[in-house]
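Asks: pasting a predicted model and its sequence here:
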Amino acid sequence: MITVKAGIVGCGRIASLVHMPLLTRMSEIDLVAAVDTNKKRLAETLEKFSIDEGFDDYHRMLKEADVDTVFVCTPPEYHCQIVIDSIRRNKHVFCEKPIATTIEEAMAIKKTIEKRNRKDSASLVLMPGHNFVFTPCFVEALQYVKNDEIGNLRKIVGCALSNLMFYGAKTDFRVHAKGGVIEDQLPHIVYLCHEAGGPLNRVFSVDSHRRGHIGVDDVEVKIELANGVKADLSAKWSGLIPALKFDLIGDSGQIKMDLLRTPYNITLIKDGESRTIHRGRRFKQYFDVLRNRHPSYFLEHMHLLRCVEGVDEAKVTVDDGVDLVRTLSEVMRPFEESPYSPVGREKVAVVKGGEDVEEAIHKSIHFLGGLNIKRGQQVVIKPNVCYHKNLDNMIIVDPRVLEAVINLVKKRSENVVVVESDNNSGTADERVTKSGVMDLIEKCGVKFLNLSNDETEEYDVDGLTLQIPKTVLETDFFINIPKVKTCNIEHTFITIAMKNMFGVLANRKKPKLHEKLIEILLFLNRTIHQNLIIADGIVGMQGLGPIQGSPVDLGLIISGLSPVTVDAVCCHIMGINPYAVEPLWKAYKAGIGEIDMNRTQIVGEKIKDVSRKFDYPTFSSKNIFTALKTTMKVHLRRA
């Protein structure tokens, strides 16, 4: 007999592999509606699961569909409003973890459900999706603790291992979350920790790592729970085979389990002896996991059903959801705090400029408040001329961009100097001449200076001597004109505004400086004041930049007053998480610039309207093949 009519919001991987197959197999539940903004995915979902109604807007489903229970399976940033709107429409709600992304959102949800249930004796159920608390081995372990089998609980050790290939995700919200694995895998360990040892008391330490190109992919957290239990928690995307290991350590014994791989087994260690206790399915449990039939999901759905029917009291409540969000917020605090304090919000202009480059640059400067150059001031312009050829207009700055900037500056001052320095691709003079940039400089009637021939001041950075030209240090107005490119140099990921400053160094043997490249970039971008950044995104480069990638026609000019913030905006346009770019993350934490888009004003085009998915600078077969083709084209090309 059907007792629940369900609608699901979000038809991504967790919905299509777990929730919808389960709901369609449960005779007591009728899945009658689905919502997804991707119309193709929605149509496939409706057909695959024989769902009657489909919507591209959840508001319409809440208003038009005959549903009494809503399953929220969207990315976390959308959870709060969908949950609140569903409650206000008198729907029971199941929401994937976490129920919100901030404690303010979580408390708003709590206030909404409590207010609704005070008004009506027929209470609504709001159940956070903490599925692993229903895992048989975990339920058994808690009973062992309750029965004093291991004495007083003293410590919890938990580790969630996964990899992004395991998901086969249909959206990439995980890799764009500022906390990465903290927001994806750590919540499982945290809510299990709360269930076993109580809510959070304090966070001792958070140690995060970025080993790949996807943000924080490895984190270790040490916390104390309200009852004094200590917990060492970790989450990693670097694990090849997924696992969810959870150990309960008491003063007279220990319980070990892997809730994901062996959901029916616990290992009890006591009095020097270890024994594994099996609670069913033995070898079949491995196949259940591989087929996305982990027992916790079915038990979770059955519990939800019984709660809706009024048979069971909720095992996972809104307060549990709030506690999870509160702990995650404390763990995420280092990602939210920065000593950077600009006057007002940082502003970045994103302007389309494929057809009329000069007009686009003029417009972008206007968005930023105008070109504040006083008459007669010396203006130094540093374009990216890292190479002597510009294949497909993707390697060095577009000559139209440089010419437009020079012409605009000359309306204010005739004292203009274009600069570059020697690198391993040749002297600055050779590169500027062979690329045709020197002809442009002479046409515009301004000077060129090879910074490697300039007087310098020496600075020590981590044992390396940097020679910084006095022209750069003493100029009245500095304009940085980078190219929007990915970069395969270790830990850099992109080469845009921050990296373009590496080219001001007078040092001729620059490869020797790469061993401390991030520290040097931080020093340069802190020490040398940049008055204006105009990033050339007319044609960008993806893949194995800065030379051997492939072109991306963006048709954009991205301008700002902070190299860090301009780079962060460019990252979002390129489909890259700025928190995954180590120089940007460290610059943000050092107070050099802002990378949080919530604290950045974007003027001109909206990022979502102009963004493109760039190929990451990894040594994939596609990128290697492209690099070989690019190398051949570059060497066959005369100029």
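Replies: Good, I have the coordinates. All values reported here derive from a predicted model rather than from experimental measurement.
Asks: Ser238 in helix, strand or coil?
Replies: Classification of Ser238 by DSSP: H, G, I helix; E, B strand; the rest coil places it in coil.
Asks: from Ser208, how far off is it?
Replies: Ser238 sits 13 Å away from Ser208, going by CB to CB, to the nearest Å. Using the backbone N, CA and C atoms, a C-beta is placed for each residue, glycine as well.
Asks: cool, Pro578 as well?
Replies: From Pro578 across to Ser208, the span is 15 Å (CB to CB).
Asks: of the two, who's got more company?
Replies: Shown here are Pro578 and Ser208; by other CB atoms under 10 Å, Pro578 has more neighbours (27 against 21).
Asks: what's near enough to touch that one?
Replies: Counting by CB atoms under 8 Å, 6 or more residues apart in numbering, Pro578 touches Asp567, Ala568, Cys571, His572, Leu584, Trp585, Ile595.
Asks: at 6 Å what do you get?
Replies: Pro578 makes contacts with Ala568, Cys571, Leu584, Ile595, as judged by CB atoms under 6 Å, 6 or more residues apart in numbering.
Asks: try Gly354
Replies: Gly555.
Asks: wait, a strand at it?
Replies: No - counting by three-state DSSP, Gly354 falls outside a strand, being coil.
Asks: quick check on the closest residue to Asp323 other than its chain neighbours: phi, psi?
Replies: Nearest non-adjacent residue to Asp323, counting by CB to CB, 6 or more residues apart in numbering: Pro199, 4.6 Å away. Main-chain torsions, Pro199, degrees, to the nearest 10: phi -70, psi 170.
Asks: could you do Leu466 as well?
Replies: phi -100, psi 130.
Asks: count the residues that sit near it.
Replies: Other residues close to Leu466 by other CB under 10 Å number 20.
Asks: 865 is where my numbering starts, stick with that
Replies: Sure thing, new numbering starts at 865, so read that last one as Leu1330.
Asks: surely it meets Asp1324?
Replies: No - counting by CB atoms under 6 Å, Leu1330 sits too far from Asp1324 to count as a contact (7.6 Å).
Asks: quick one, helices of the stretch 1015-1164 of the chain?
Replies: For the stretch 1015-1164 of the chain, the helices defined by DSSP state H, counting those that start in this stretch cover 1028-1031, 1037-1040, 1045-1048, 1050-1061, 1148-1154, 1159-1172.
Asks: any idea which of those helices scores lowest on pLDDT?
Replies: Lowest mean pLDDT within these: helix 1028-1031, at a mean of 60.
Asks: can you show me the helices along the stretch 1365-1503 of the chain?
Replies: 1381-1391, 1427-1437, 1446-1453, 1471-1474, 1485-1500.
Asks: out of those, nearest to Leu1097?
Replies: Leu1097 lies closest, by CB to CB, to one member of those: helix 1446-1453, at 21.5 Å.
Asks: that closest one vs helix 1427-1437, what angle?
Replies: Angle of helix 1446-1453 versus helix 1427-1437, following axes from the mean of the first three to the mean of the last three CA atoms, to 10 degrees, is 130 degrees.
Asks: who's in contact with helix 1446-1453?
Replies: 1074, 1202, 1355, 1362, 1382, 1385-1386, 1428, 1431-1432, 1442-1443, 1457, 1459.
Asks: can you say which of these are buried?
Replies: The neighbour-count test (16 or more other CB atoms under 10 Å) marks 1074, 1202, 1362, 1382, 1385-1386, 1428, 1431-1432, 1442-1443, 1457, 1459 as buried among these.
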